[in-house]
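Trainee: My questions concern the predicted model and sequence given below.
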There are 2 protein chains.
Amino acid sequence: MRLSRFFLPILKENPKEAEIVSHRLMLRAGMLRQEAAGIYAWLPLGFKVLKKIEQIVREEQNRAGALELLMPTLQLADLWRESGRYDAYGPEMLRISDRHKRELLYGPTNEEMITDIFRAYVKSYRNLPLNLYHIQWKFRDEQRPRFGVMRGREFLMKDAYSFDLDEAGARRAYNKMFVAYLRTFARMGLKGIPMRAETGPIGGDLSHEFIVLAETGESGVYCDRDVLDLPIPPASVDYDGDLTPIIKQWTSLYAATEDVHDGARFEAEVPEERRLHTRGIEVGQIFYFGTKYSEPMKALVAGPDGAEVTIHGGSYGVGVSRLAGAIIEACHDDAGIKWPEEVAPFRAVILNLKQGGSDTDAACEQLYRDLLAKGVDVLYDDTEQRAGGKFATADLIGIPWQIMVGPKSLAEGKVEVKTRSDGARQMMSPADVVARLGGGTVAG
Amino acid sequence: MRLSRFFLPILKENPKEAEIVSHRLMLRAGMLRQEAAGIYAWLPLGFKVLKKIEQIVREEQNRAGALELLMPTLQLADLWRESGRYDAYGPEMLRISDRHKRELLYGPTNEEMITDIFRAYVKSYRNLPLNLYHIQWKFRDEQRPRFGVMRGREFLMKDAYSFDLDEAGARRAYNKMFVAYLRTFARMGLKGIPMRAETGPIGGDLSHEFIVLAETGESGVYCDRDVLDLPIPPASVDYDGDLTPIIKQWTSLYAATEDVHDGARFEAEVPEERRLHTRGIEVGQIFYFGTKYSEPMKALVAGPDGAEVTIHGGSYGVGVSRLAGAIIEACHDDAGIKWPEEVAPFRAVILNLKQGGSDTDAACEQLYRDLLAKGVDVLYDDTEQRAGGKFATADLIGIPWQIMVGPKSLAEGKVEVKTRSDGARQMMSPADVVARLGGGTVAG
């Protein structure tokens, strides 16, 4: 993509309304625009990040055997009366009346609707286990939306729902999502630590929140430092096999949000030098809730002996839009965002340090074409901005690889390559840049 | 995907509520479930089709130089008061009040919001031309929603918005979208014929609807039969070049919806044997509306001479969810859907005609693995259903390539391959099937 043809409205000033760094940087980097309190438009740069996050979430859900569908944003109020949550949900539910005065609501979550879909079609234990998920916009009418996409009202969530014949089956489904979440957040360059948590309005008696540690996080958390270094299950993990060793490894070390924190246990189990008390951002939460929805909504299947069985369920959420903010909270410096490669809006940016110079222009064009041909998602800063401005923009928007093409080094057949994550710089030939980023080998 | 692990709730009976064939087939094939009047959940098979349609739309928008972003579903009422459409829109607009009694609405289209985004950031002619699009759920509170996704209330639309300095620029933007639409529908296996059309509530003085001919269509259309055989611009079309020859070629032949039909002109211009009067389904519409939104909303940029210029705009819609229905209306027979390959939920299906037989099971497993390894999106019907049921399901869900693995032909080293589009059958070795579908060469 040529920057001269892209839509990247960089803000020079720090927006006053932004209280935290991710919100500030998303606005400054031209990723986001507020359309109403807690309601945002994702501008092209932000949209690219959102799509990359979404795709990682999707791939790991699919790998774990979950099936994607798509439920609508609006739901019938009557469905929520069946579970008893229509009245219980309170003012955070956006209630809507259509032209025929039918009561609708903008879904804040989908336990009721998916249970309704399940009971309409699934009649036998032979169709279990089943895990259905979707990635769809939700709405929660927060009293005080703030922190940009971290606590928005209209937000993108992945929510999966599992259906099993009994608690043992439901726990296997829970474990699959537990493992999928470990992989999901790790692929985004995050340490998403599973912590015992309250179940809240979803209900149930088993729940973990996945927390990214950050000083700006909304929750206090307590954990054993060793949990930060546990190994992430590989892509080849066998989801049909026994996952309990992985679960045991992760849950045997103390990690809890402040809501369920047990100070005495913390001190008894964790040696003082490994005790970590900090703050964190919740990026996912998983629940086992048994028959909480299947019982009132009569989601029954015929069991192996023909008798009807009330299914056991769980639900599994990932805050997809929130993750864009969480990643920035975890990955930034004073100059701007430092995207992990897997979620970066572009993998590389070419900075033409002398726009209009025939040598630099030609070298940049060639490099741009060569990188595109290798499948590298590259931005070419071909604007008239001076070099200093191009450096600042590249740092602000956080592209992992910055390729600086200036007349002096070019005369020696080199360009300067800076990695945004550590600021390291090296001189390379354009051919080596293409080989390095395009997956080939770098000439020795 | 193994069918035993997929969620494909086939309906045996014809659903009473479905008045047209696409709605009936989408329900029967387990693609769709109604959640409220005109509001649907896309079950896994339907979701896969929706994503493939969306991706084709996206690729052709990007090829034409449009930039993707994502605006929220909810909008502030005040924005629509600026254009004067808040009151004008009438009962089809779903109006919402939040917990603080702020007036919101579920966006039926986005001219106001995108104009607001534009005016916030773009100040100079140097940033033009610009075309921004998104693919987002919209809501129109139809008095009588019907025909499934063909006239739903919550529907997925691609809407693009162009911004240019003057009418000449806006017409170039219009022509780009015109060409992109020709390619978009052709890639889906459809003939999407551009026809002169009314501008309706979007306004403006130039508009084309893209119409798929179908007896079940909602609009009467009149056209010169020769328009059906015009060539589609290739992927290599130069969007920065002069597109007027393509536009002239397509607009010089008579083609109009009944709303703007001119009987006298039709008879004067079109020889009797080429006159076609039939019905059609609108799958896209493009508008040039000049300063209709930029004038009241003050979307101005500094022109080359420094004076402020009111920008000229156009908008360009594709009914993404509606297309799933339109494709079925155009591609089906009595047995079910006949998906064009580019939008098929799976490209091939393996039918194990003797599930549990060691030879057929082994051959199917091998074929399944080999096709997956070649990147073929394949469904394996490994259920206990009898052969006749598997044939019926494969025809109903419309998978383009059916690979039937039975004990007799397998003893001779062959499987039977049926193409759903024409019903043609041939015997092939499994290796040839893999070569044929995997893009290699077929032996012999």
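Mentor: Thanks, I have the structure now.

Trainee: From now on I want contacts and neighbour counts done on CA atoms only, so please keep to that.
Mentor: Will do.

Trainee: What's the local residue count around the residue of the stretch 101-250 of chain A found nearest chain B?
Mentor: Across the stretch 101-250 of chain A, the shortest distance to chain B (Cα to the nearest Cα) belongs to A:Y121, at 6.1 Å. A:Y121: 16 surrounding residues under other Cα atoms under 10 Å in any protein chain shown.

Trainee: Identify the residue spatially nearest to it, adjacent ones excluded.
Mentor: B:P9 (6.1 Å; Cα to Cα, 6 or more residues apart in numbering or on different chains).

Trainee: And for A:D141?
Mentor: A:E92 (4.2 Å).

Trainee: how far away is that neighbour from A:F287?
Mentor: 20 Å (Cα to Cα, to the nearest Å).

Trainee: Now do the contacts for A:Y125.
Mentor: A:165, A:301-304 (Cα atoms under 8 Å, 6 or more residues apart in numbering or on different chains).

Trainee: quick one: contacts for the residue nearest to A:D141?
Mentor: A:140-143, B:99.

Trainee: Now do the helices in the stretch 251-400 of chain A.
Mentor: A:263-269, A:294-297, A:320-330, A:358-373, A:387-397 (DSSP state H, counting those that start in this stretch).

Trainee: Out of those helices, flag the one nearest chain B.
Mentor: Of all the helices of the stretch 251-400 of chain A, helix A:320-330 comes closest under Cα to the nearest Cα, at 11.8 Å.

Trainee: starting at the chain centroid, how far to the closest one?
Mentor: Computed by Cα atoms, centre = their mean, to the nearest Å, the separation of helix A:320-330 from the middle of its chain amounts to 7 Å.

Trainee: Over to stretch A:238-250?
Mentor: For stretch A:238-250 - counting by Cα atoms, centre = their mean - the centre lies 23 Å from the chain centre.

Trainee: buried set for it?
Mentor: For stretch A:238-250, burial by neighbour count (16 or more other Cα atoms under 10 Å in any protein chain shown) applies to A:239, A:243, A:246-247, A:250.

Trainee: neighbouring contacts of the one helix or strand A:T184 maps to?
Mentor: Following DSSP states H and E, one finds A:T184 within helix A:167-187. With contact meaning Cα under 8 Å, 6+ apart, helix A:167-187 is reached by A:56-57, A:60-61, A:63-64, A:129, A:131, A:162-164, A:191-194, A:210, A:232-235, A:239, A:243-244, A:246-247, A:284, A:286-288, A:290, A:312-314, A:316, A:342.

Trainee: For PyMOL, what selects the buried ones among those residues?
Mentor: Remark: buried members of these, expressed as a PyMOL selection using 16+ other Cα under 10 Å:
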select buried, chain A and resi 56+57+60+61+63+64+129+131+162+163+164+191+192+193+194+210+232+239+243+246+247+284+286+287+288+290+312+313+314+316+342
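
Trainee: Show only the entries of the contacts of helix A:167-187 found in strands.
Mentor: In strands, defined here by DSSP state E, the members of these are A:131, A:162-164, A:192-194, A:210, A:284, A:286-288, A:290, A:312-314, A:316.

Trainee: which of the residues you listed are close to chain B?
Mentor: With the criterion set as Cα under 8 Å from any Cα of the partner chain, no member of these is near chain B.

Trainee: circling back to that earlier point, make TSV out of the buried residues of stretch A:238-250 and add distance to chain B.
Mentor: Converted to TSV, the buried residues of stretch A:238-250 look like this (distance: Cα to the nearest Cα, whole Å):
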residue	distance to chain B
A:Y239	13
A:L243	19
A:I246	24
A:I247	24
A:W250	29
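
Trainee: Pick the one among those closest to B:R420.
Mentor: A:Y239 (34.6 Å; Cα to Cα).

Trainee: As a check, name the ranges of all helices in the stretch 1-150 of chain A.
Mentor: Under DSSP H, counting those that start in this stretch, the stretch 1-150 of chain A gives helices at A:21-28, A:44-63, A:77-83, A:85-88, A:111-121.

Trainee: Least reliable of those by average pLDDT, please.
Mentor: The minimum mean pLDDT among the helices of the stretch 1-150 of chain A belongs to helix A:85-88 (a mean of 94).

Trainee: who touches it?
Mentor: So helix A:85-88 is contacted by A:77-78, A:80-81 (Cα under 8 Å, 6+ apart).

Trainee: And the buried ones among those, selectable in PyMOL?
Mentor: For the buried members of the contacts of helix A:85-88, the matching PyMOL selection, counting by 16+ other Cα under 10 Å, is:
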select buried, chain A and resi 77+80
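
Trainee: what's the domain layout of chain A?
Mentor: Following the TED database, one gets these domains for chain A: A:3-337, A:346-438.
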